[in-house]
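Participant: quick one, what's the 3D model for this:
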Amino acid sequence: MKNVQQNHIASPYCDLPLMQLQESSTNPRRRYDETAMQELAVSIQSQGILAPLLVRHLESGQFEVIAGSRRFRAAKIAELPEIPVRIVEMSDAQVLEAQCVENLQREDVHPLEEANAFTAMLREHYDVAAIASKIGKPAAFVVSRIQLTQLIPPIADAFLADKLTIGHAILIAKLPAAHQPEAFTASYRNVWMTEGQTPILVPVKELAAWIESNILMELRTAPFDRKDAELVPEAGSCHDCPKRTGANALLFPESHRDSCLDRECFQAKINAHVARSMEQNPKLIQITTSWNGHRNGGPLSRNHYTEIVAAKPGKKAKADHSPAQTKCPHVTEGLVVEGADRGRTLAICAEPTCPVHHAEAQKVREAQQEMRASQRKEDQRRKEDLIARQRILSAILQKVSEPTKADLELIATEFFGKLSHEYRAVVAEEMRPVGKDKQPSQKDSASAFEAKLRGTDQAGLNRLLLGMALLDATFNTFSSQGAERLEAVAKRYRVNTKTLRQAIHAELAEKLKKQQQRRKEPGSGKGRSRKTQSKGAKA
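Facilitator: Next up is the predicted model:
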């Protein structure tokens, strides 16, 4: 050993046994392709090592490989007894610098390995500018590489496995650890291929747009005071916070807007701002930007208030301002507690009777009231007409004379078979014996009808046939021709339809009057249970 050390002093170039060499713990390279290593070992067996390894002497008597770790590993595989080296004297900082510069010149060094090397140089009291100068790269390059060390382990492993490009990895590494998983998921899009759904990487620009829309919070639009350090004391002010794009121009050179990287902190400040605003001004009306809410039991939805906005500067005032630019005596302040603009205080008019801001809404309400009144009137008319037609039919059937029984049975059977299911049910109800509630099933209704016919006299058959002939004229209230046919038959049987309709009109009008009186009584209306309403109807 003494002879070897003496040779070192005489000449820095010599051959050393493999057992006296050890790999450097600061070497940034961590990945070695096994196939390439085997090929290099075969080459070394046939031609030897052409370029000496760079090593330094350690106090333990061993030598540390500063540069040439791949040749050192291949020599082990080739089982060489010794290899050529060049011995130099270097400090730990010099070794680290040499390794970073040497590895950066190689194409197969992974960016994450570079990032670890630069981070190690920072611990050796290098700064970003010094590292950039040593490697001949811009400072932004060094900062972005160092940021890669902030990738959470699962995403760092995916990056090392080449499942992410450097562009995707840098975008994700800029985010807080809590948001990295969702950004990693957004880096892929499932597409249908021959083997089924397959995830593929989206373009880097698409991922950047997704991050800007879903994670970054633009500070310019914040409803709270960004310089207020007491709003959320543990977070401090946004102006002094490092978790924003404007705090690191080297890391976010492409950002034109100052955005917050911590969505939870941003939302916490909005929550604190809303609570403080309501405490300082309890008269603030709580509103939401949603249109599908309701007026009672929650914040006012967008269709219950009008936001008052100022006219755009630089334009001449128009003679007739739009309602949104016109103030009224009802203008007050509203605080958005739900929706995209949560935390903002707006000038609004929430008075539903305001002729300036809610005139259209008032017209809509009036039109709806008129429509409901018209519908009720139409329903009453149809109900009255239906009852009149039914009673007209009953009056006609009472005056039918007796035809031949055998002929009537044959006609009735054929006629019944051509009726719809709805009209068959009406006929079955007319023929049901008094006191029997059970109706024949649809399957045996025809046979039951024939059996019933055999017990019906000729007068009953005559009434039955005429009733079936006038079913559509009686129940189809949408057809004016049916009403005319019913009137013609009534006239033939000398049924006074006018008197009958007048009586029905008076009867229903009296019922309607009683219903309206009951609604006005205390405890009536929507508060009554269905059971109470049912009893009232029976009474």
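
Participant: tell me the helix or strand right after the lowest-mean-pLDDT helix or strand in the chain.
Facilitator: Ranked by mean pLDDT, DSSP states H and E, the helix or strand of the chain with the weakest confidence is helix 2-10, at a mean of 41. Next helix or strand after helix 2-10 toward the C-terminus (DSSP states H and E): strand 13-17.

Participant: list the buried ones in that following strand?
Facilitator: 14, 16 (16 or more other Cβ atoms under 10 Å). To be clear about C-beta, it is placed using only N, CA and C from the backbone, and glycine gets the same treatment.

Participant: with stretch 333-352 instead?
Facilitator: Neighbour counts over stretch 333-352 (16+ other Cβ under 10 Å) mark 334-337, 339, 342-346, 348-351 as buried.

Participant: so which of these belong to strands?
Facilitator: 334-337, 345-346, 348-349 (DSSP state E).

Participant: any chance of the residues you listed in a markdown table, plus distance to residue 156 and pLDDT?
Facilitator: Formatted as a markdown table, those follow (distance: Cβ to Cβ, whole Å; pLDDT from 0 to 100):
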| residue | distance to residue 156 | pLDDT |
| --- | --- | --- |
| 334 | 47 | 91 |
| 335 | 44 | 92 |
| 336 | 40 | 92 |
| 337 | 41 | 90 |
| 345 | 44 | 91 |
| 346 | 45 | 90 |
| 348 | 50 | 89 |
| 349 | 55 | 87 |
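
Participant: for residue 449, give me its contacts.
Facilitator: 413, 416, 427-428, 431 (Cβ atoms under 8 Å, 6 or more residues apart in numbering).

Participant: 10 Å instead, please
Facilitator: 412-413, 416-417, 419, 424, 427-428, 431, 440, 464 (Cβ atoms under 10 Å, 6 or more residues apart in numbering).

Participant: phi, psi of it?
Facilitator: Phi and psi for residue 449, reported as degrees, to the nearest 10, are phi -70, psi -40.

Participant: mind checking pLDDT for it?
Facilitator: Residue 449 carries a pLDDT value of 77.

Participant: just the strands from the stretch 1-150 of the chain, written as ranges.
Facilitator: Using DSSP state E, counting those that start in this stretch, the strands of the stretch 1-150 of the chain run over 13-17, 21-23, 53-57, 63-67, 82-88.

Participant: please apply the same query to the stretch 201-350 of the chain.
Facilitator: Taking DSSP E, counting those that start in this stretch as the criterion, the stretch 201-350 of the chain carries its strands at 217-218, 259-260, 285-288, 306-307, 331-338, 345-349.

Participant: adjacent strands (with direction) for the fifth one?
Facilitator: In this case it means strand 331-338. Strand 331-338 pairs in its sheet with strand 285-288 (parallel), strand 345-349 (antiparallel), by DSSP bridges.

Participant: touching, residue 89 and residue 12? I think so.
Facilitator: Yes. When contacts are counted by Cβ atoms under 10 Å, residue 89 is listed as touching residue 12 (9.2 Å).

Participant: settle it for me: which of these two has more neighbours?
Facilitator: Taking other Cβ atoms under 10 Å, residue 89 and residue 12 do not tie; residue 12 has more neighbours (15 against 8).

Participant: wait, what's in contact with the more buried one?
Facilitator: With contact set as Cβ under 10 Å, 6+ apart, residue 12 has these partners: 52, 54-55, 85-89.

Participant: pipe the strands of the stretch 1-150 of the chain into JSON lines and attach distance to residue 479 and mean pLDDT per row.
Facilitator: Shown next, in JSON lines, are the strands of the stretch 1-150 of the chain (distance: least, Cβ to Cβ, whole Å; pLDDT from 0 to 100):
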{"stretch": "strand 13-17", "distance to residue 479": "112", "mean pLDDT": "88"}
{"stretch": "strand 21-23", "distance to residue 479": "99", "mean pLDDT": "87"}
{"stretch": "strand 53-57", "distance to residue 479": "105", "mean pLDDT": "88"}
{"stretch": "strand 63-67", "distance to residue 479": "101", "mean pLDDT": "86"}
{"stretch": "strand 82-88", "distance to residue 479": "108", "mean pLDDT": "89"}
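
Participant: okay, the residue nearest in space to the middle of the chain and residue 93: tell me how far apart.
Facilitator: Nearest to the mean C-alpha position of the chain, by Cα atoms, centre = their mean, lies residue 214 at 11.6 Å. Distance of residue 214 to residue 93, given as Cβ to Cβ, to the nearest Å: 42 Å.

Participant: please apply the same query to residue 370.
Facilitator: Residue 370 is 89 Å from residue 93, by Cβ to Cβ.

Participant: what is the end-to-end distance of stretch 184-204?
Facilitator: With Cα to Cα, to the nearest Å as the measure, stretch 184-204 spans 12 Å from end to end.

Participant: circling back: out of the contacts of residue 449, who's nearest residue 244?
Facilitator: Taking Cβ to Cβ as the measure, residue 244 sits nearest to residue 424 out of these, at 77.5 Å.

Participant: inside helices: which ones of the contacts of residue 449?
Facilitator: Mapping those onto helices (DSSP state H) picks out 412-413, 416-417, 424, 427-428, 431, 464.

Participant: highest neighbour count among the residues you listed?
Facilitator: When neighbours are taken as other Cβ under 10 Å, the top entry among those is residue 464 (25 neighbours).

Participant: isn't it up against residue 427?
Facilitator: Yes. Shown here, residue 464 and residue 427 form a contact pair, counting by Cβ under 10 Å, at 7.4 Å.

Participant: ok, residue 341 - contacts?
Facilitator: By Cβ under 10 Å, 6+ apart, the contact set of residue 341 is 221, 223, 287-289, 307.

Participant: separation between residue 449 and residue 420?
Facilitator: Where residue 420 is concerned, residue 449 sits at a distance of 14 Å (Cβ to Cβ).

Participant: verify the contact between residue 350 and residue 303 for me.
Facilitator: No. Using Cβ under 10 Å, residue 350 makes no contact with residue 303, being 11.0 Å away.

Participant: show me where pLDDT drops low in the stretch 151-300 of the chain?
Facilitator: By pLDDT under 70, the low-scoring segments of the stretch 151-300 of the chain are 254-256, 293-297.

Participant: for the closest residue to residue 497 other than its chain neighbours, give me phi and psi.
Facilitator: Leaving aside its chain neighbours, residue 497 sits nearest to residue 490 (5.1 Å; criterion: Cβ to Cβ, 6 or more residues apart in numbering). When read as degrees, to the nearest 10, the backbone of residue 490 gives phi -60, psi -40.
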